[in-house]
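Engineer: here's a sequence, model it:
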Amino acid sequence: MPAPIGSAKERTDSKVKEPKQYNVIMLNDDFTTMEFVVEILIDIFRKDSVTANELMMKVHRTGKAVVGKYPYDIAATKVNKAHKRAKSAGFPFRMVIEEE
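Structural biologist: Numbering: from 1, shown residues only. Purely as a prediction, here's the structure:
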């Protein structure tokens, strides 16, 4: 049966564009304790203790490691939380955000 005159067709071919992803990279330093790094990875980046320890050791051995991949706003929020906690604890802890 043909559509009535004047009726509108509903458009269903809309495409959702995924947001760009950004890598959060943790950098090594000689002053921040390993325990503090693991705590950040568990509390802020929601890693389990085994993964957090593995990532901490990778940062320690290689100088840096990607600890997560997020849309920019989420990545920036997590990095800011980590930096604030490090500053209040007196550590020179650093993280950077890079586009994937």
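Engineer: hey, let's count contacts and neighbours off CA atoms from now on
Structural biologist: Noted.
Engineer: Ala59: which element?
Structural biologist: Quick fix: residue 59 is Val, not Ala. Taking DSSP states H and E as the criterion, Val59 maps to helix 49-62.
Engineer: could you do Ala82 as well?
Structural biologist: helix 72-89.
Engineer: for the helix holding Val59, the distance to its chain's centre please.
Structural biologist: 16 Å (Cα atoms, centre = their mean, to the nearest Å).
Engineer: name the helices or strands packed onto that helix?
Structural biologist: helix 34-43, strand 64-70 (3 or more Cα pairs under 8 Å, 6 or more residues apart in numbering; DSSP states H and E).
Engineer: how about a cut-off of 10 Å?
Structural biologist: If you count contacts as 3 or more Cα pairs under 10 Å, 6 or more residues apart in numbering; DSSP states H and E, helix 49-62 packs onto strand 22-27, helix 34-43, strand 64-70.
Engineer: single out the most deeply packed of those.
Structural biologist: strand 22-27 (a mean of 21; mean count of other Cα atoms under 10 Å).
Engineer: let me see the backbone angles for Phe45.
Structural biologist: phi -100, psi 0 (degrees, to the nearest 10).
Engineer: neighbours of it, how many?
Structural biologist: If you count neighbours by other Cα atoms under 10 Å, Phe45 ends up with 18.
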